[in-house]
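Peer 1: Below: sequence and its predicted model.
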Amino acid sequence: MRRRDFIVAALAAASSHPAAALAQPVAKTRRVALLMHGSPATDKEQVEAFLQALGALGRSEGSGLAIERRFAEGKPERLPALAEELVRTGPDVILAPTRLATEAARKATRTIPIVFCMFPDPVGAGVVASLARPGGNATGVSHILIELTAKRLEALRSVTPRLARLGALGAGDVTSRDQLAELQRIAPPLGVELVAVEAGSKERYEEAFARLKKAGVDGVFVLGSIINFSHRQVIGELVVRHRMPSVHTTPEYVVAGGLIGYAPDTVTMFRRAATYVDRILKGDKPAELPVELPTVFQLTVNLRTARALGLTIPQSVLLRADRVIE
């Protein structure tokens, strides 16, 4: 074909399909920010569950989705500055799983949507107007924490029947203080005396357990706190070293060496958070997305720890357990 004929043919084809002659629009990259209290190591399972759930919804990192991660390394005082740093990156939505992370994110922005998944009482904290209609820029999955205090105490008593003096390990934060108040309400009528201590750093956990040992406690209730959660490996080592039966508020503590736990499944809640992020990226407003309550709960027992403590777990408890660590 002569050059002139080729050019004429090409122009004719372009005029009959004008869209093909134009550059295809590039899909906008959506940006999701993660504001985590722990470290990449301690929060690895939860972050992976969140990203896998997003992938199942057709949103994979690097394929039209950019993820900005910030970790406070177990230091809650870092969360406000990290939240402001994330806001400056211009995310479409922020995953701030815990109460402390959510409150830090809300101080940094009241317009960017925020999704939580381990917030004990978002209504009581004033973060949402109601579970049915949050009304602000935050929504997600509420972590039932205080409401399960009695069941957790019951679980510990089922494996430590002579429980008369109980240690309560907090971290000085509002979440653990709220649970302590509930424990102080329900323990005395059961004939259980409480010894409350606070930690928050590796050195202070050592001191707290030494105090509990000196007080002669028969077991320890590790109060749910993102600070305690970040130090769960240290706590797991200390309950074994001090031969102290323990009850916990998430399965991860028990995996780390705690004795028994009853809790919503944390990984499931992070997966549910991914559905909120997906809906918000599709255009739903957080103010109109109802807050969910967890529906999957786990009774977890660590038989290795039981053997180290010289305890025999009753068969009735093992039959009820959803997960037994051999």
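Peer 2: The structure has been received and is ready for your questions. Numbering: from 1, shown residues only.

Peer 1: from what I can see residue 186 touches residue 150, true?
Peer 2: Yes: if you go by CB atoms under 8 Å, residue 186 and residue 150 touch, sitting 5.4 Å apart. C-beta coordinates here come from the backbone N, C-alpha and C atoms, glycine included.

Peer 1: wait, what's in contact with residue 172?
Peer 2: 198-200, 227 (CB atoms under 8 Å, 6 or more residues apart in numbering).

Peer 1: and residue 169, what element?
Peer 2: Per DSSP states H and E: residue 169 is located in strand 165-170.

Peer 1: Give me the pLDDT value at residue 161.
Peer 2: Residue 161 is assigned 86 on the pLDDT scale.

Peer 1: hang on, it is in a strand, isn't it?
Peer 2: No: per DSSP: H, G, I helix; E, B strand; the rest coil, residue 161 lies outside any strand segment and is coil.

Peer 1: where's it relative to residue 191, distance?
Peer 2: 12 Å (CB to CB, to the nearest Å).

Peer 1: what does residue 257 give?
Peer 2: Distance from residue 257 to residue 191, by CB to CB: 28 Å.

Peer 1: And for residue 185?
Peer 2: For residue 185, the distance to residue 191 - CB to CB - is 14 Å.

Peer 1: the more surrounded of these two?
Peer 2: residue 185 (11 against 8; other CB atoms under 10 Å).

Peer 1: Which of the helices or strands spans that one?
Peer 2: Take DSSP H and E as the rule and residue 185 turns out to sit in helix 174-186.

Peer 1: now for that helix, which elements pack on it?
Peer 2: helix 99-108, helix 149-159, strand 165-170, strand 193-198, helix 226-230 (3 or more CB pairs under 8 Å, 6 or more residues apart in numbering; DSSP states H and E).

Peer 1: bridging residues for the residue nearest to the spatial centre of the chain?
Peer 2: Closest to where the C-alpha atoms of the chain average out (CA atoms, centre = their mean) is residue 118, at 4.4 Å. Counting by DSSP bridges, residue 118 forms beta bridges with residue 98.

Peer 1: and it, what pLDDT?
Peer 2: So, for residue 118, pLDDT stands at 91.

Peer 1: For residue 246, give the beta-bridge partners.
Peer 2: residue 220.

Peer 1: how about it, what does it touch?
Peer 2: 156, 219-222, 235, 239, 253, 258-260.

Peer 1: how much space between it and residue 94?
Peer 2: Residue 246 is 33 Å from residue 94, by CB to CB.

Peer 1: What of residue 68?
Peer 2: Residue 68 sits 9 Å away from residue 94, going by CB to CB.

Peer 1: Same check on residue 251?
Peer 2: 26 Å.

Peer 1: which one of these two has more residues nearby?
Peer 2: Set side by side, residue 251 and residue 94 show more neighbours around residue 94, with 31 against 24, by other CB under 10 Å.

Peer 1: give me the element that one is part of.
Peer 2: Using DSSP H and E, residue 94 falls in strand 93-95.

Peer 1: and that strand, what other elements does it pack with?
Peer 2: strand 30-36, helix 79-88, strand 114-119, helix 266-281.

Peer 1: Near residue 88, how many other residues are there?
Peer 2: Neighbour number of residue 88 under other CB under 10 Å is 10.

Peer 1: Run through the residues that contact residue 288.
Peer 2: With CB under 8 Å, 6+ apart, residue 288 has these contacts: 133-134.

Peer 1: 438 is where my numbering starts, stick with that
Peer 2: All set: I'll call the first residue 438, so the last point we hit is now residue 725.

Peer 1: how far away is it from residue 570?
Peer 2: With CB to CB as the criterion, residue 725 and residue 570 are 7 Å apart.

Peer 1: residues contacting the residue nearest to residue 652 when sequence neighbours are not counted?
Peer 2: Distances taken as CB to CB, 6 or more residues apart in numbering place residue 632 nearest to residue 652, at 4.6 Å, with adjacent residues excluded. Going by CB under 8 Å, 6+ apart, residue 632 touches 602-605, 648-649, 652, 654.

Peer 1: Is it possible to mark the buried ones in the residues you listed?
Peer 2: 603-605, 649, 654 (16 or more other CB atoms under 10 Å).

Peer 1: State the mean pLDDT of stretch 534-551.
Peer 2: Rounded mean pLDDT across stretch 534-551 is 96.

Peer 1: Check stretch 473-482 too.
Peer 2: 91.

Peer 1: tell me which residues in it are buried?
Peer 2: 473-475, 479-480.

Peer 1: who's in contact with that stretch?
Peer 2: Against stretch 473-482 from outside (CB under 8 Å, 6+ apart): 483-484, 506-511, 513, 516, 534-535, 537-538, 663-664, 666-667, 669-670, 689, 704.

Peer 1: Make a PyMOL selection of the buried ones in the residues you listed.
Peer 2: Only the buried entries of these go into this PyMOL selection, using 16+ other CB under 10 Å:
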select buried, resi 483+484+507+508+509+511+513+516+534+535+537+538+663+664+666+667+669+670+689+704
